[in-house]
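1. can you look at this prediction? I've put the sequence above it.
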Amino acid sequence: MISSKRIRLFIRSSLVYSVLPDYTFATFCMTPSPLDPKIAAEPAATDDRLDSWKEIANFLKKDPRTAQRWERERGLPVHRYPGDKSGGVFAYKSEIEAWWLTDLGSQTQNETPLFEEEEEIVIEPPFPVDHHDWKKLLVKMVTAVLLVCAIYAGVRIYRGIVESQHQKIKVMVRNLQNLTSGSAEDPFSQGMTDQLITNLGGANPEQLGVLARTTANLYSKKTVAELRALGVDYVIEGSVFRDQDRIRINTQLIETRDGTQISSKSYEGDSKNILDLQRAAADDVVRSLKIPVKSKSLSRQVNPAAYEAYMRGQYAWNQRGQYSVANSLGYFQNAVKLDPNYAPAYAALANAYALLASAQYGILPPVEAFGKAKEYAQLGVELDPELAAPHASLGYIELVFDRNPEAARQQFETALRLDPNYVAAHQWYGQYYEVVGKLDEALREIQRAYDQEPGSIPVNLALAEVYYFKRDFDKAIEHAKNTVQEEPTSALGHFNLGRAFEMKGMHEEALAEFKLARENAPNIATLVPLGYEYARAGDMDASKQYLDQLYNLAEKQHKYVPAIYFALVYVGRNDKQNALTWLEKANAERCEYIVFLSRDPMVDSVRGDPRFDRVTQLQAH
């Protein structure tokens, strides 16, 4: 039985023989010899002669080196031709069988090797080798070693070239300067920058990596040399100018290695053709990098006023405050009113409505808001099936509102096929995996979103949350801290940090973070974690004050207060009956956070109750 998987080539001549045809390969397995007294007593075969070490070894079922050692040490009967210096040998089967019965021969049967022998492949030379000509043999061995080294080096170099060809070129777009207003901070120039980033990201996702807007903003003040140190290969700088119905886009492509300008181009045309101008600018950048453009260049026109309304809506949406997101709705609605065929605005409307109906905002009732969100997302898909954004938006709605994970998965995969660099699609696809309980896959997808846009606050929040759901609270704390360091006013960042502290029993730290969340966002949603945490820390009176505020807002001020808020405070107070009653009401409201409850450690005290299981069971509506 072969005891090692390794196979050595025992080359008894120069390596160059291996390229010649008609060689004989013999495999010697290190199994016990079949020769025994019974076999040896039988008459010898008619063909009694063995004419080489190879034939002798084959007869013994050993390798040639073992046969040669047995000749030296045990007297194995082997003959040589008188005066022949070629090393040729011969033997007789009958003599070997007789030797096997001798004392020296029988000792080989019980011989224990000092190390495990390996299977060998012996390559016989096409002519006899003079084993006594050591100089020639040494030259051949050195030549063989050098040849092997050369082949190995060549393979490594080739692999290096192939791997380098598969490395993405990393590009960053600085905020375009608006020459009309003299600023790079206005909604129009930021919208133009965002669109250039989007177009570049879709031009050749396999070979081109484009830093997302938030990350580019973080790097905006860095020099070209500093960007090079951060792994950025090229920087795009430029400007936009509007003059009534005309628009001009200027771009410069700069290599960070030495700061040289690779290309500089201008694009001018009618404002209604702004999408084509942006596409042309992105495609030319890609061509300047000597890589093919793979995106579909479709000719589209858009109402200039609708486009500007859309960009102003995006500007408000990106601030992610309750009021700024609410304000974005007006801009997006104006955009689709001015241009009913502009698909990106419908996707943006869907996202805004979905966020305002979420438990983290709690401004609009889910049935009302998610119903509108789904309608707008479907319109976006119908108007432009090749646009990733509405597919991703529809996927999120299918996941958290319709509670149909399979339909959601199909939409996310479509969005990522259309635009592999679409950060929101990776983030929401990760949340799909959270819902179905595949948290390792969830972390993988959200990490992909983070790798593309490490400066994105929503992505950082999602990364902290997936570690929280995985119950890796130390990692959740680490990433939540990163979020609040980047954005100290992020209420959700402080909330994520607080609930991770809570799960570690660090009540003082948790309360401090929940208070910071409320200071930065004094709305209904931030009452909840304080009511929960005071109860968990043992201060039931303080907890009741926050619960009373929720009731006052709902019953006396007639404000919409999501049922999930009451449920979570009651969970903290360990009032299971009220907690489950309000969870059932939240389910009836179609609260989007219900689909994540089965992963949330905050509700462990009611987990396992049949009423809880019925609420959190995924049932498509």
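-> Received, thanks.
2. alpha carbons only for contacts and neighbour counts from here, please
-> Noted.
3. what about Leu76, neighbour count?
-> Leu76 has 20 neighbouring residues, counting by other Cα atoms under 10 Å.
4. going forward can the numbers begin at 79, since that is how I track them
-> Yep, numbering from 79; the last one is Leu154 now.
5. please, which helix or strand holds the nearest residue to it once chain neighbours are set aside?
-> Closest residue in space to Leu154, ignoring its immediate chain neighbours: Trp148 at 5.6 Å, by Cα to Cα, 6 or more residues apart in numbering. Using DSSP states H and E, Trp148 sits within helix 142-152.
6. on that earlier part again, can you check the pLDDT for the residue nearest to Leu154?
-> With respect to pLDDT, Trp148 scores 83.
7. next: Leu224.
-> For Leu224, the pLDDT comes out at 64.
8. contact partners for Glu587?
-> Gly576, Phe579, Glu580 (Cα atoms under 8 Å, 6 or more residues apart in numbering).
9. how near is the last one to Glu667?
-> When distance is defined by Cα to Cα, to the nearest Å, Glu580 is 28 Å away from Glu667.
10. quick one, which of the two is more surrounded?
-> Taking Glu580 and Glu667 together and counting by other Cα under 10 Å, Glu580 has the greater number of neighbours (21 against 16).
11. so where does the more buried one fall, helix or strand?
-> Counting by DSSP H and E, Glu580 is found in helix 569-581.
12. and that helix, what does it pack onto?
-> Under the contact criterion of 3 or more Cα pairs under 8 Å, 6 or more residues apart in numbering; DSSP states H and E, helix 569-581 touches helix 535-547, helix 551-564, helix 585-598.
13. now do the helix or strand just after the last one, average pLDDT.
-> Going down the chain from helix 585-598, the next helix or strand is helix 605-614, by DSSP H and E. Average pLDDT, helix 605-614: 97.
14. now helix 605-614, how far from the chain's geometric center?
-> Mean C-alpha position of helix 605-614 versus that of the full chain (Cα atoms, centre = their mean, to the nearest Å) differs by 36 Å.
15. which residues touch Tyr510?
-> Leu477, Pro483, Ala486, Arg487, Ala520.
16. ok, then the element right after the one helix or strand it maps to?
-> Per DSSP H and E, Tyr510 falls inside helix 501-513. Sequence-wise, the next helix or strand downstream of helix 501-513 (DSSP H and E) is helix 517-530.
17. show me what that following helix is packed against.
-> Short answer (3+ Cα pairs under 8 Å, 6+ apart): helix 517-530 packs on helix 501-513, helix 535-547.
18. so what are the domain limits for this protein?
-> For the chain, automatic domain parsing gives the domain ranges 85-210, 213-243, 247-379, 601-699.
19. tell me the confidence at Phe106?
-> Value for Phe106, per-residue pLDDT: 29.
20. circling back to that earlier point, same list (the helices and strands packed on helix 517-530) but as CSV, adding mean pLDDT and distance to Ser341.
-> Shown next, in CSV, are the helices and strands packed on helix 517-530 (pLDDT from 0 to 100; distance: least, Cα to Cα, whole Å):
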stretch, mean pLDDT, distance to Ser341
helix 501-513, 96, 28
helix 535-547, 94, 33
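21. any chance of those in TSV with distance to Phe266 as columns?
-> Below are the helices and strands packed on helix 517-530 laid out as TSV (distance: least, Cα to Cα, whole Å):
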stretch	distance to Phe266
helix 501-513	22
helix 535-547	22
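22. nearest to Gln635, of those?
-> Nearest to Gln635, of all the helices and strands packed on helix 517-530, is helix 535-547, at 31.5 Å by Cα to Cα.
23. relative orientation of that closest one and helix 517-530 in degrees?
-> 160 degrees (axes from the mean of the first three to the mean of the last three Cα atoms, to 10 degrees).
24. export helix 535-547 as CSV, just CAs?
-> The C-alpha trace of helix 535-547 is given here as CSV (Å, rounded to 0.1, in the frame of the first residue of the first chain):
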residue,chain,number,x,y,z
ILE,A,535,-22.9,56.1,6.9
PRO,A,536,-25.8,53.7,5.9
VAL,A,537,-23.3,51.0,4.9
ASN,A,538,-21.4,51.4,8.2
LEU,A,539,-24.6,51.2,10.1
ALA,A,540,-25.5,48.0,8.2
LEU,A,541,-22.1,46.5,9.0
ALA,A,542,-22.5,47.2,12.7
GLU,A,543,-26.0,45.7,12.6
VAL,A,544,-24.9,42.4,10.9
TYR,A,545,-22.3,41.8,13.6
TYR,A,546,-25.0,42.6,16.2
PHE,A,547,-27.3,40.0,14.7
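25. just checking, what packs against it?
-> helix 501-513, helix 517-530, helix 551-564, helix 569-581.
26. what is the distance between the last one and the centre of its chain?
-> It refers to helix 569-581. For helix 569-581, the distance to the chain centre is 25 Å (Cα atoms, centre = their mean).
27. pull the residues that contact that helix.
-> 438, 539, 542-543, 546, 551-552, 554-555, 558-559, 561-562, 585, 587-592, 594-596, 598-599, 607, 611, 679-680.
28. dump that helix to CSV, restricted to CA.
-> The C-alpha coordinates for helix 569-581 follow below in CSV (Å, rounded to 0.1, in the frame of the first residue of the first chain):
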residue,chain,number,x,y,z
ALA,A,569,-28.6,58.9,15.9
LEU,A,570,-28.6,55.4,14.4
GLY,A,571,-24.8,55.2,15.0
HIS,A,572,-25.3,55.9,18.7
PHE,A,573,-28.3,53.5,18.8
ASN,A,574,-26.2,50.7,17.3
LEU,A,575,-23.5,51.3,19.8
GLY,A,576,-25.9,51.5,22.7
ARG,A,577,-27.7,48.2,22.0
ALA,A,578,-24.4,46.4,21.6
PHE,A,579,-23.3,47.7,25.0
GLU,A,580,-26.7,46.7,26.4
MET,A,581,-26.2,43.1,25.3
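29. that one: which residues count as buried?
-> Ala569, Leu570, Gly571, His572, Phe573, Asn574, Leu575, Gly576, Arg577, Ala578, Phe579, Glu580 (16 or more other Cα atoms under 10 Å).
30. between these, which is nearest Ile332?
-> When these are ranked by distance to Ile332 (Cα to Cα), Gly571 comes first, at 35.9 Å.
31. please indicate which of the contacts of Tyr510 are buried?
-> Going by neighbour count (16+ other Cα under 10 Å), the contacts of Tyr510 have Leu477, Pro483, Ala486, Arg487, Ala520 buried.
32. what is the nearest of those residues to Leu625?
-> Out of those, the member with the shortest distance to Leu625 (by Cα to Cα) is Leu477, at 30.0 Å.
33. between the helix or strand hosting the closest one and helix 501-513, how many degrees?
-> In the assignment (DSSP H and E), Leu477 maps to helix 466-478. Interaxial angle, helix 466-478 versus helix 501-513 (the same axes, to 10 degrees): 20 degrees.
34. what are the buried residues along the helix or strand just after helix 466-478?
-> Scanning forward in sequence from helix 466-478 by DSSP H and E, the next helix or strand is helix 483-496. Buried residues in helix 483-496, counting neighbours by 16+ other Cα under 10 Å, are found at Pro483, Ala485, Ala486, Arg487, Gln489, Phe490, Glu491, Thr492, Ala493, Leu494, Leu496.
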